[in-house]
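Undergrad: Here you go, sequence then predicted model.
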Amino acid sequence: MSVPTPLAGLKVIEFTHMVMGPAAGAILAALGAEVTRVEPPEGDKTRTLLGSGAGYFPMYNRHKGSIALDLKSPDGIATARALALDADILIENFRPGALDRLGLGYDALSAENPRLIYCSAKGFLPGPYENRTALDEVAQMMGGLAYMTGPPGRPLRAGSSVIDVTGGMFGVIGVLAALEERHRTGRGRLIQASLFETTVYMVGQHMAQLAVTGKAASPMPARISAWAIYDVFETRDDPVFIGVVTDGLWETFCRLFGLDALWADESLRRNNDRVQQRERILPEIRTLIATFTRGEVIARLDGSGLPFAPIGRPEDMFDDPHLAATGALEPVTLPDGTQTRLPTLPIAFDGQLLARSSKLPGVG
C-alpha cells in the first residue's frame, strides 16, 4: 500500500535554520509536498551542532531536498528569487527584515507571484518585542511555561524543543488555511507564527484558571491537582505514573489493589472530596504500590481503563512494542551512512501512517 501524500504537487522553498522553520517544512514534506532547503555553500550550521542540538537536523530535515546558494552574490539571489517565484509556499525563520533586505520578502515576491503563501516564523509577532532575538528557551522563560514546569522559584525549560515545534505547527496550520483560501481567491497570504505567542497560548489554561478561581496557578510540581490520585509512584524497581480521574475508576482502583477500607469510606466516593483528603490517602497508597514491581503494577492496571504509564526515556522508544507494531518509527540514513529510525508524523490517514524511508539531504 502506497504512503498517503495529500500535499503532493505543492512546491515549498525553505530559508530556515535551527528548529522552528525546519519543523514547519518537515511537516509539509511528510505530507507529500516537495520541499527544498536553501543553505549557504558551507551548509546549514545546524548540521554540525553538538550536544542537545545534534538531533535537530536529522529530525526536522527528512524528505527534503537542498540547494546551496550564496545569498551575498547576485547569482545566488537571482536563483533564490526564481525558486520563490515558482513556489506555492515559502518558509523562513531568519531575523526580522533579513530576507526583505535581499529582495526576498513577502511584498516583493507576492507582487510577482500573487499565489505565494509566505510563512514567516519568528520569536515574536509584530509589536514592541518583534526585533528581539528569541529562541525556544527564551520564549519558555518569558511566556510562563518555565515557571509552570519547575518547582517554585526554580524555572525549568521543558524537556524538548516544544515551543519551536509547536510554533512550526501553528505556522503549518496557517499555511493550510491560506492554501484552502487560495482555492477560492487565487491569492496567497503572509502567515506569521511566533515562539512567544505560542508559549502564551500554551499557558492559556493557567491564565483561565486565574480568571475562574481568582487565584494564580502554582507551578505544576506544587499545584493542587484536579484529581486525588494523579502521581508518580515508586515501586520495588522502577517508578510508574497512575491517574484516578473519575469516581468509577476510584472503585476500580480500590478493587484491583484490595483497598477495601478506602472504598468503604463514603467520604471518599466523590473526586473533589478525595482531593481534599489527599494528604490522608496518598501515604497509604504509596506504601502499597511500593510493595510491587513496576511490571506487577502494570499487569493489574492494563485493560482496566485506569490511566497509567511507565516512566520512559527517549532511548526506550526505539524498542517500544506499540511503535514497532504501528510503524511509527521510519528508517532514516544519517549523513555518515548510519541507519536509524525516527518518529514519523503522528497522523494516520485512513488508518495508515506516513512513514517512509528517507536519506538526509546533502548540501546543495
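TA: Structure received. Just so it is clear, the structure is predicted and the values come from calculations on it, not from any experiment.
Undergrad: Go through this protein and flag its longest helix.
TA: Ranked by residue count and defined by DSSP state H, the top helix of the chain is helix 162-185.
Undergrad: buried residues in that one?
TA: Within helix 162-185, the residues that qualify as buried are 162-172, 174-176, 178-179, 182, counting by 16 or more other C-beta atoms under 10 Å. (Each C-beta comes from the backbone N, C-alpha and C, glycine too.)
Undergrad: Check stretch 231-251 too.
TA: Going by neighbour count (16+ other C-beta under 10 Å), the buried part of stretch 231-251 is 231, 233, 235, 240, 242-245, 249-250.
Undergrad: can you list contacts of the longest helix of the chain?
TA: Helix 162-185 has contacts (C-beta atoms under 8 Å, 6 or more residues apart in numbering) with 10, 18-24, 26-28, 88-89, 91, 115, 117, 119, 121, 136, 139-140, 143, 145, 188-189, 191-195, 198-199, 201-202.
Undergrad: Quick one: name whatever helix or strand follows it.
TA: Later in the chain than helix 162-185, the nearest helix or strand by DSSP states H and E is strand 190-194.
Undergrad: Report the angle between the longest helix of the chain and strand 190-194.
TA: Here helix 162-185 points in a direction 160 degrees away from that of strand 190-194 (axes from the mean of the first three to the mean of the last three C-alpha atoms, to 10 degrees).
Undergrad: could you give the mean pLDDT of helix 162-185?
TA: Average pLDDT, helix 162-185: 98.
Undergrad: Same question for stretch 335-350.
TA: 95.
Undergrad: Shouldn't R300 be within a strand?
TA: No. According to DSSP: H, G, I helix; E, B strand; the rest coil, R300 belongs to no strand; its state is helix.
Undergrad: what's the span of stretch 329-339, first residue to last?
TA: Stretch 329-339 has an end-to-end distance of 12 Å (C-alpha to C-alpha, to the nearest Å).
Undergrad: Excluding its own residues, what touches that stretch? List them.
TA: Contacts for stretch 329-339 (C-beta under 8 Å, 6+ apart): 47, 58, 62, 317-318, 323, 340-344, 355-360, 362.
Undergrad: Mind listing what's buried along it?
TA: Neighbour counts over stretch 329-339 (16+ other C-beta under 10 Å) mark 329-330, 332 as buried.
Undergrad: returning to what we had before: the contacts of helix 162-185, buried ones only, as a PyMOL selection?
TA: In PyMOL, this line selects whichever of these come out buried by 16+ other C-beta under 10 Å:
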select buried, resi 10+18+19+20+21+22+23+24+26+27+28+88+89+91+117+119+121+136+139+140+143+145+188+189+191+192+193+194+195+198+199+201+202
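Undergrad: Among the contacts of helix 162-185, which ones are in helices?
TA: Counted as lying in helices by DSSP H, out of the contacts of helix 162-185, are 20-24, 26-28, 136, 139-140, 143, 145, 195, 198-199, 201-202.
Undergrad: Kindly export stretch 219-236 (C-alpha atoms) in CSV.
TA: Extracted C-alpha coordinates of stretch 219-236, given in CSV (Å, rounded to 0.1, in the frame of the first residue of the first chain):
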residue,chain,number,x,y,z
PRO,A,219,3.9,25.7,39.3
MET,A,220,3.0,22.1,38.3
PRO,A,221,5.1,20.4,40.9
ALA,A,222,3.3,22.4,43.6
ARG,A,223,-0.1,22.5,42.1
ILE,A,224,-3.3,21.4,43.7
SER,A,225,-4.2,18.5,41.4
ALA,A,226,-7.7,18.2,39.8
TRP,A,227,-7.6,14.6,40.9
ALA,A,228,-6.7,12.9,44.2
ILE,A,229,-4.5,10.2,42.6
TYR,A,230,-2.5,11.6,39.7
ASP,A,231,1.1,11.0,40.7
VAL,A,232,4.3,9.1,40.1
PHE,A,233,4.7,6.2,42.5
GLU,A,234,7.8,4.3,43.4
THR,A,235,7.8,0.5,43.1
ARG,A,236,10.3,-2.1,44.1
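Undergrad: now it, how far from the centre of its chain.
TA: On the basis of C-alpha atoms, centre = their mean, to the nearest Å, stretch 219-236 sits 24 Å off its chain's mean C-alpha point.
Undergrad: CA-only coordinates of stretch 272-287 in PDB, if you can.
TA: Taking C-alpha atoms only, stretch 272-287 is exported to PDB below (Å, rounded to 0.1, in the frame of the first residue of the first chain):
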ATOM      1  CA  ASN A 272     -13.400  16.600  45.000                       C
ATOM      2  CA  ASP A 273     -13.700  15.000  48.400                       C
ATOM      3  CA  ARG A 274     -10.700  12.800  47.700                       C
ATOM      4  CA  VAL A 275      -8.700  15.800  46.500                       C
ATOM      5  CA  GLN A 276      -9.300  17.500  49.900                       C
ATOM      6  CA  GLN A 277      -8.100  14.400  51.700                       C
ATOM      7  CA  ARG A 278      -5.000  13.600  49.500                       C
ATOM      8  CA  GLU A 279      -2.700  14.000  52.500                       C
ATOM      9  CA  ARG A 280      -4.600  11.200  54.200                       C
ATOM     10  CA  ILE A 281      -4.900   8.700  51.400                       C
ATOM     11  CA  LEU A 282      -1.700   9.100  49.400                       C
ATOM     12  CA  PRO A 283       0.700   7.700  52.100                       C
ATOM     13  CA  GLU A 284      -1.300   4.500  52.300                       C
ATOM     14  CA  ILE A 285      -1.400   4.100  48.500                       C
ATOM     15  CA  ARG A 286       2.300   5.000  48.100                       C
ATOM     16  CA  THR A 287       3.200   2.400  50.700                       C
END
